[in-house]
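# Coordinates for the following, if possible.
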Amino acid sequence: MSKANGMNYAPQGKPRPVVEKGQFQFAAMSLDHGHIYGMCNGLREAGAMLKWVYDRDPAKVKAFCETYPEVRPAESEQQILQDAEIQLIAAAAVPNERGPLGVKVMKHGKHYFTDKTPFTTLEQLAEARTAAAETGRKYAVYYSERLHVESAEFAGQLVKDGAIGRVIHVMGLGPHRLNAHMRPDWFFQKEKYGGIICDIGSHQIEQFLYYAGCADAVVQHSKVANYNNKAYPELEDYGDATLVGDNGATNFLRVDWFTPDGLSTWGDGRTMIVGTNGYIELRKYVDIARSAAGDNLFLVNGDGERQIDVKGKVGFPYFGALILDCLNGTELAMTQAHTFKAAELCLLAQKQAIRVE
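Numbering: from 1, shown residues only. Predicted structure coming up:
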């Protein structure tokens, strides 16, 4: 799968199985977003066995089976939900359907792994929190801009090792290419996609909480706009927000659909992590006018200036950790509290955003 347009962002890593063959089986359903391929790649590389796939659209199922020849098309959603061998269901449904699907999956005794954004309303979040607590199943979210980016993973290790001291600020920039002519109808319906901060802003808020070590935060200000896409009146093509964490760290995020055609990839995503003793910059997908390669990590601290090559060296440990969490009841990949808090804050930032033109 190509990284060119972002809709089919599906990184591939080296196989690093954490289980024996057949020990952990999963299924895929609701193939509405191409991120399902990245989700499945990560799980398969960690040793999970992909057994079933289901979607109402036979064309999506056909394409999926061509990518993963071992998978079997299911006749219905229920065939997967009722299969006792399936331990986790991965899905990339239309955003406003992700929360209700997750509740259904957990109530059938299976763990759930959804594409971001995981919810479009606070009510959906509340229902999922209740279901997760009652069933003991995991509601995991594919925050791919950290979990499936080696430089982002390594930045977390540097922070934990104290390379830049106490983190006091995180700035996240998440521009994307619109490709409006290639988008499904739901992409332009706010009730279905939730708004730009709710959607792609969820990546940035999750990263802030993670890098800064915050358990909670307050949204100080947020705004959204439709600057240049009046043909799609419900689309928000720009959003930004400012947050303050419970430990005093601050955050600014900007997301937009203004990647120019001349850029070699779908978006010049960047993260700046500022600490008391240095800073880290991530140029995740491109180093403009210098290199089309991604995973550009720059570290500046008391030891000097460094560019660290992490490509192919760090891997994507989240997926193996998620599998082991499902099997052992641990929270090594991501705590449920963190998963839900990131979702809650992006919903609050979206809800209170002022509209500018």
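# So what sits opposite the nearest residue to Tyr68 once chain neighbours are set aside in the bridge?
For Tyr68, ignoring the flanking residues on the chain, the nearest one in space by CB to CB, 6 or more residues apart in numbering is Leu50 at 5.6 Å. Just so you know, the C-beta spots here come from the backbone N, C-alpha and C atoms, and that holds for glycine as well. For Leu50, the beta-bridge partners under DSSP bridges are Phe26.
# just Leu253 next, same as before
On DSSP bridges, the residues paired with Leu253 through beta bridges are Gly172, Ala241.
# who are the neighbours in contact with it?
Leu253 makes contacts with Met171, Gly172, Leu173, Gly174, Ile197, Gly201, Gln204, Ile205, Phe208, Asp240, Ala241, Leu243, as judged by CB atoms under 8 Å, 6 or more residues apart in numbering.
# Going by residue numbers, what spans are helices in the stretch 1-150 of the chain?
Using DSSP state H, counting those that start in this stretch, the helices found in the stretch 1-150 of the chain span residues 35-45, 58-67, 77-81, 95-107, 122-135, 144-147, 150-160.
# Of those helices, give the one that comes closest to Leu88.
Leu88 lies closest, by CB to CB, to one member of the helices of the stretch 1-150 of the chain: helix 35-45, at 7.7 Å.
# picking up where we left off before, report the contact partners of the residue nearest to Tyr68.
Gln25, Phe26, Ala27, Ala28, Cys40, Leu43, Arg44, Tyr68, Glu70, Val71 are the contacts of Leu50 under CB under 8 Å, 6+ apart.
# May I ask you to confirm that the third one is in contact with Glu85?
Spelled out, that is Ala27. No - between Ala27 and Glu85 there is no contact under CB atoms under 8 Å: 9.4 Å.
# Between those two, which contacts overlap?
Lys51.
# neighbour count winner among these two?
Neighbours per residue, other CB atoms under 10 Å: of Ala27 and Glu85, the larger number sits with Ala27, 28 against 12.
# Tyr318 versus that one, what's the distance?
Ala27 sits 19 Å away from Tyr318, going by CB to CB, to the nearest Å.
# And Ser30, by the same measure?
Distance of Ser30 to Tyr318, given as CB to CB: 21 Å.
# cool, Ser291 as well?
According to CB to CB, Ser291 and Tyr318 sit 26 Å apart.
# which residue is nearest the centroid of the protein?
In the chain, the residue lying closest to the centroid (CA atoms, centre = their mean) is Tyr143, at 1.8 Å.
# number of nearby residues for the spatially closest residue to that residue that is not a sequence neighbour?
Excluding its sequence neighbours, the residue lying closest to Tyr143 (CB to CB, 6+ apart) is Glu206, at 4.5 Å. By other CB under 10 Å, 25 other residues sit near Glu206.
# helices or strands up against whatever helix or strand Leu345 lives in?
Following DSSP states H and E, one finds Leu345 within helix 336-351. Applying 3 or more CB pairs under 8 Å, 6 or more residues apart in numbering; DSSP states H and E, we find helix 336-351 packed against helix 122-135, strand 139-142, helix 196-199, helix 201-212, strand 217-225, strand 238-245.
# Endpoint to endpoint, stretch 66-74 covers what distance?
15 Å (CA to CA, to the nearest Å).
# Work out the gap between it and the centre of the chain.
Averaging C-alpha positions (CA atoms, centre = their mean, to the nearest Å) puts stretch 66-74 24 Å from its chain's average.
# before we move on, what about stretch 327-347?
12 Å.
# what about it, average pLDDT?
On average, the pLDDT along stretch 327-347 is 98.
# Now that stretch: buried residues?
The neighbour-count criterion (16 or more other CB atoms under 10 Å) identifies 333-334, 336, 338-347 as the buried residues of stretch 327-347.
# now what about that stretch, what contacts it?
Residues outside stretch 327-347 that contact it (CB under 8 Å, 6+ apart): 19, 23-24, 87, 117-122, 125, 128-129, 132, 136, 138-141, 143, 194, 197-198, 201-202, 205-206, 209-210, 215-217, 219, 243, 318-319, 321-322, 324-325.
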